[in-house]
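Chemist: how would this look folded up:
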Amino acid sequence: MKMKAALCLFFLTGPAFATPPVLPEFPPLHFTPSKPTRTVLPNGLVLYLLEDHELPLIRVEMYYQGGTQADPIDKIGLGSIFGEALTEGGSLSHPPEEIEKILDRKAASISFGIELENGEGAMSCRKEDFDAIFALFTDLILHPQFRKDKFELARAKALDGLRRLNDDPEEVARREFRRVMYGDHHPYARIPSPAMLKNIKREDLLAAHQRFFRPNGAAIAISGDFKSAEMLEKCKSAFSGWAKSDVQWPAIPAPVQSQEKRLFYIQRSINQSQIRIGELGLARHNPDHFAWEVFNELWGGGATSRLFRTVRTELGLAYSVGSGYSEPGERGLILAVSQTRGSQTIAAAQAILKIEQEVQQAPFTDKEISDAKESIVNRFVENFTSSAQIASYMMNLDFFGFPADYLDTYTQKISHVTAQDLKRVGRAYLHPDQSTILVMGDLSTFEKPVATLGKPQEIKVIDYAQEEP
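Modeler: Numbers count the residues shown, from 1 in each chain. Below is the predicted model:
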C-alpha cells in the first residue's frame, strides 16, 4: 500500500527536476574569413592564392568561360562531352596513359567539367608532387589533344547517359519542369538528341577550346601548403605564353513569365508522385536576393518552414517537401517541390498552393524571421571550414561579378532584412494565379482527378533510349 501511495503521489506531482540554468546572451555572429591574395597576370588571368600550412597538400581550382549554354544549336551536348574528353584525352607532351600512371603513383587527381554557365577544372596533390602534377594540369589547359579514342569513349558515355535519362523520376520532373518554364530550345532547358551527340566531332572540341580557353576569361584559385611569392612565380612561368583574346558569348534570350495558371501532368506507373509548382524569379545580382533568401527559408527552405511544418509534419501529406530557387544570368526559377504517395498527390498539391497563397503576404512572426536569419547565417559560415572552400568561393564570386565585399557584408545584409522587405518580395515574386504546376505519377492512384487542380495538359516524355538518330 505504501508503494502504491508513493506512485500516486509521483504521478500527481511529477518528478522533481532541477531548474534549467538560464542561457547566456550571445553577441551577434561576425564572420571574417581569411582572404586569398588576388593577382591579375599581364594576360588577364586572375589568381587567388591562400596559404594553409596545416597539411602538406595543395588544391587548385579553375573557372573558365564556356558552359553548356554556349553549345552550338546543332551540337547541343558538346559541353557534356568536353570535360571528360579534356580530362582523359591527353596533352601535347603527355599521352593519356602516362598521365593516368603518374596520377595513380602519386595519389593525385586532375579533372575538368562543364556547368551551365562556366567550365571548371581542378587538381589536388601532395606538396612534394605539386610541380609534376601542375605541369600536367597546365599542359592539359593549354595543349589538350582530345585523343580520338578517348573522345569517342566520352561521346559513347554521353549517349548512354541520354538513354538512361528517364530512369530517375525526380530527374524527369526537374527536367520537364524546366522545359515548360523556359521552352524546349532555351539554353537553360534544352536536351541533346542522339543525332546531335553523334554529330559532334573531335574537331568541335578543339574549336570550343580555342574559343573559350582564354586567360582573360579564366581564374585560378590555389590553396594549401606553399609560399605565395614562390607560387606566383610558378604561375607566371606556366601561363606566360597563354595569349589573351576576346571571347564572344552567344546571347541568352530572356525567358517570359506565363500570365496564367498552367497545369501539366506526366502519366507514369510509379509509387511516389513528383510535384513541382513554381514560376520565374530572380536573376543574378537582383538587389532583392537577401530578402528572398530569408523569405525562401520561411516558406520552404528550412526544417521549420511553413511547407515542411504543414504539409509534411501536420498533415502528413508528403515524404519530402520544400522550396528553392536559382539565380543564373537570366531569370531563374522559384518553386515548391514535393514527393508523396499517389493517393495523396492532389491533396499535397492543394496544400502547397494554399500555403503559397498565405505566405505571399509574408505573415511571419518576429521569432520565425529571427530563427530563419540565424539558420541562414550558420549555414553560410559552415561553407568556409577550409582554405580550399574560401579560395574557391572568392573566385566564384569574382568570376560572376559579385562585389568585393560580398562575404564581409553577407551576414549584415541578412540581418537587416525586415518584415516589410519580406512582404514586398512575397508580393513581387509569388503569383499563385500564374503558377505552373507539374504533377508526375500514376493517375489511376490519385484520390481525385488531376483536373481538380486546373485544366490539364499532358507531357509525353521522350524515350531517348528508343529515339532514332
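
Chemist: wait, isn't I81 in contact with A154?
Modeler: Yes: counting by CB atoms under 8 Å, I81 touches A154, with 4.8 Å between them. C-beta coordinates here come from the backbone N, C-alpha and C atoms, glycine included.

Chemist: With neighbour numbers in mind, choose between those two.
Modeler: Using other CB atoms under 10 Å, the more surrounded residue of I81 and A154 is I81, with 29 against 23.

Chemist: does the more buried one sit in a helix or strand, and which one?
Modeler: If you go by DSSP states H and E, I81 is part of helix 78-88.

Chemist: How about C235?
Modeler: Under the assignment here (DSSP H and E), C235 is part of helix 228-239.

Chemist: Hmm, R190 and P72 touching each other?
Modeler: No: using CB under 8 Å, P72 is not in contact with R190; the gap is 11.4 Å.

Chemist: quick one, which of the two is more surrounded?
Modeler: Neighbours per residue (other CB under 10 Å) separate P72 from R190, with R190 holding more: 20 against 14.

Chemist: how many other residues sit next to the residue nearest to the more buried one when sequence neighbours are not counted?
Modeler: Closest residue to R190 apart from its sequence neighbours, by CB to CB, 6 or more residues apart in numbering: I76 at 5.4 Å. Residues near I76, counting by other CB under 10 Å, number 20.

Chemist: these two touch, right, I76 and I191?
Modeler: Yes: counting by CB under 8 Å, I191 is a contact partner of I76 at 7.3 Å.

Chemist: What confidence value was assigned to the closest residue to T310 other than its chain neighbours?
Modeler: Distance criterion CB to CB, 6+ apart; nearest residue to T310, sequence neighbours excluded, is I355 at 5.9 Å. For I355, the model assigns a pLDDT of 97.

Chemist: if we can go back for a sec, what are the C-alpha coordinates of the next helix or strand after the helix holding C235, in PDB please?
Modeler: Using DSSP H and E, the helix or strand that follows helix 228-239 in sequence is strand 262-267. Extracted C-alpha coordinates of strand 262-267, given in PDB (Å, rounded to 0.1, in the frame of the first residue of the first chain):
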ATOM      1  CA  ARG A 262      -0.900  26.200 -66.100                       C
ATOM      2  CA  LEU A 263      -1.200  22.500 -65.200                       C
ATOM      3  CA  PHE A 264       0.900  19.800 -66.800                       C
ATOM      4  CA  TYR A 265       0.900  16.100 -65.900                       C
ATOM      5  CA  ILE A 266       3.100  13.100 -66.800                       C
ATOM      6  CA  GLN A 267       1.500   9.700 -66.500                       C
END
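
Chemist: Pairing partners for the helix or strand that strand 262-267 is followed by, with directions?
Modeler: Following strand 262-267 in sequence order, the next helix or strand is strand 272-280 (DSSP H and E). Sheet pairing of strand 272-280 (DSSP bridges) gives strand 333-341 (antiparallel), strand 436-441 (antiparallel).

Chemist: Using neighbour counts, pick out the buried residues of the host helix or strand of V60.
Modeler: Using DSSP H and E, V60 sits in strand 57-65. Neighbour counts over strand 57-65 (16 or more other CB atoms under 10 Å) mark 57-65 as buried.

Chemist: in the stretch 351-469 of the chain, which spans are helices?
Modeler: Counting by DSSP state H, counting those that start in this stretch, the stretch 351-469 of the chain has these helices, from start to end: 366-382, 387-399, 406-415, 419-429.

Chemist: Might you report the residue contacts of the spatially most central residue of the chain?
Modeler: Most central in the chain under CA atoms, centre = their mean is S326, positioned 7.8 Å from the mean C-alpha point. By CB atoms under 8 Å, 6 or more residues apart in numbering, the contact set of S326 is 281, 332-333.

Chemist: Kindly report the same for I114.
Modeler: Contact analysis of I114 by CB under 8 Å, 6+ apart lists 66-68, 79-80, 82-83, 120.

Chemist: ok, and the most crowded of those residues?
Modeler: Most surrounded of the contacts of I114: other CB under 10 Å gives F82, at 29 neighbours.

Chemist: Surely it is in contact with L205?
Modeler: Yes: counting by CB under 8 Å, L205 is a contact partner of F82 at 5.8 Å.
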